[in-house]
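**Q** how would this look folded up:
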Amino acid sequence: MTIAPFTLLWALACWALSISNLLALSLAALNALFLVRLFMIQHDCGHGAFFRSRRLSDWLGRALGVLTLTPYDVWRKTHAIHHASTGNLDRRGTGDIPTLTVREYRARLWPGRAIYRLYRHPLFLFGLAPFYVFFIQNRLPFGLMASGWRYWLSAMGTNAAVAAALVGLYWLGGSRTLLLVFLPTMLIGASIGMWLFYVQHQFRETSWDSEESWKVQDAALEGSSYYVLPEPLRWFSANIGAHHVHHMASRIPYYRLPEVLRDHEPLAQCHRLTLRESFRCARLRLWDEDSRQLVSFAEARALG
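**A** Got it, this is the predicted structure:
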């Protein structure tokens, strides 16, 4: 249901290069949605939710990691850390969007503030950051550099497979295939993925706590949104919008998440965020520990 249309659209985009660069780019952009869905399937493999067999899940995840430019074993470990520390102010820095509190931001000198403002700017966060993460950071086991050969093997093995695929694409279609089909598909898919990850935790009523008061289940429910997307986008994103449910029970496969929401009405009403409402989240930058909400820079200034 996913790999077949992904492969077909890829072939059509390559064929379209002989007719129109714009047509090829349009097909590549559409195929980015299928790439997002493939990443979400890889995501479920990492949680052991897709197959009963852990080994089968892992090998499918590794294969999909070549398509998504993501070394599976490295990602699975860092993502597990994200699940074990989301919303914890004392364990920030692995698998999350860098977030400062209002007090931390004010305590920084102007160069530190400028760097943070640059990073949190939407053009950087959803433009340059996805390129860095998927094309550069994922080439090495960042965060696990000293954690053993397994993560280096994951990164280097994925790199070798990606390099072989790129050589094959160049041999079949030349540089235009790489520039007008491969690159747009990957960049658009990465940006969509970064946006989804952002709105799942960076919304007004999210939750952050220090270590002594942080509880994993509270953080899962209160620190994750329910992103209510139109049905086609739910399919492409593999229901990852039900992120509060996913964080509370990550072994539930994506295709069962709608059932959980249907059978548990309080969860269906918890931290609902529509597509239109989500765009306002892009202006939220800092966690205010006093009001316990995510605020913009302007709102942080108004706090005094």
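**Q** what's the separation between residue 302 and residue 284?
**A** Distance from residue 302 to residue 284, counting by CB to CB, to the nearest Å: 14 Å. In short, each C-beta sits where N, CA and C put it, glycine included.
**Q** the two: which is more packed in?
**A** For residue 302 versus residue 284, neighbours defined as other CB atoms under 10 Å are more numerous around residue 284 (20 against 9).
**Q** is it true that the more buried one touches residue 203?
**A** Yes - between residue 284 and residue 203 there is a contact under CB atoms under 8 Å: 7.3 Å.
**Q** got the CA positions of stretch 286-298 in PDB?
**A** What follows is stretch 286-298 as a C-alpha-only set of coordinates in PDB (Å, rounded to 0.1, in the frame of the first residue of the first chain):
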ATOM      1  CA  LEU A 286      10.100  29.500  25.000                       C
ATOM      2  CA  TRP A 287       8.700  27.600  28.000                       C
ATOM      3  CA  ASP A 288       7.400  29.900  30.700                       C
ATOM      4  CA  GLU A 289       7.700  28.100  34.000                       C
ATOM      5  CA  ASP A 290       5.400  30.500  35.800                       C
ATOM      6  CA  SER A 291       2.400  30.300  33.500                       C
ATOM      7  CA  ARG A 292       3.300  26.800  32.400                       C
ATOM      8  CA  GLN A 293       2.900  27.300  28.700                       C
ATOM      9  CA  LEU A 294       4.900  27.800  25.600                       C
ATOM     10  CA  VAL A 295       5.200  31.400  24.600                       C
ATOM     11  CA  SER A 296       6.500  33.600  21.800                       C
ATOM     12  CA  PHE A 297       9.400  36.000  22.200                       C
ATOM     13  CA  ALA A 298       7.000  38.900  22.300                       C
END
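**Q** tell me which residues in that stretch are buried?
**A** Going by neighbour count (16 or more other CB atoms under 10 Å), the buried part of stretch 286-298 is 286, 287, 288, 293, 294, 295, 296, 297.
**Q** and that stretch, how far out from the chain middle?
**A** 23 Å (CA atoms, centre = their mean, to the nearest Å).
**Q** any idea of the mean pLDDT in that stretch?
**A** Averaged over stretch 286-298, pLDDT sits at 95.
**Q** again, but for stretch 149-162
**A** Mean pLDDT, computed over stretch 149-162, is 97.
**Q** contacting residues around that stretch?
**A** The contact list for stretch 149-162 (CB atoms under 8 Å, 6 or more residues apart in numbering) reads 62, 65-66, 69-74, 77, 138-141, 144-145.
**Q** show me which of these are buried.
**A** With neighbours counted by 16+ other CB under 10 Å, the contacts of stretch 149-162 contain buried members at 62, 65-66, 69-74, 77, 138, 140-141, 144.
**Q** run through the strands of the stretch 151-300 of the chain in chain order.
**A** Residue ranges of the strands in the stretch 151-300 of the chain, as given by DSSP state E, counting those that start in this stretch, are 226-228, 272-274, 286-288, 293-295.
**Q** give me the common contacts of residue 284 and residue 203.
**A** What both residue 284 and residue 203 touch, as defined by CB under 8 Å, 6+ apart, is the set residue 294.
**Q** for residue 85, see how far away residue 216 is.
**A** In terms of CB to CB, residue 216 sits 9 Å off from residue 85.
**Q** compare these two (neighbour count), which wins?
**A** residue 85 (20 against 16).
**Q** that one contacts residue 78, doesn't it?
**A** No - using CB under 8 Å, residue 85 makes no contact with residue 78, being 10.6 Å away.
**Q** spit out the residues that contact the two alike.
**A** In contact with both residue 85 and residue 78: residue 94, using CB under 8 Å, 6+ apart.
**Q** so what secondary structure elements neighbour the helix or strand where residue 41 lies?
**A** Secondary structure assignment for residue 41, by DSSP states H and E: helix 21-46. Secondary-structure packing of helix 21-46 (3 or more CB pairs under 8 Å, 6 or more residues apart in numbering; DSSP states H and E): helix 3-16, helix 54-67, helix 72-85, helix 183-201, helix 231-236.
**Q** now it: mean pLDDT?
**A** 97.
**Q** what's the neighbour count on the nearest residue to residue 282 once chain neighbours are set aside?
**A** Counting by CB to CB, 6 or more residues apart in numbering, residue 122 is the residue found nearest to residue 282 once chain neighbours are left out, at 4.9 Å. Using other CB under 10 Å, residue 122 has 12 other residues around it.
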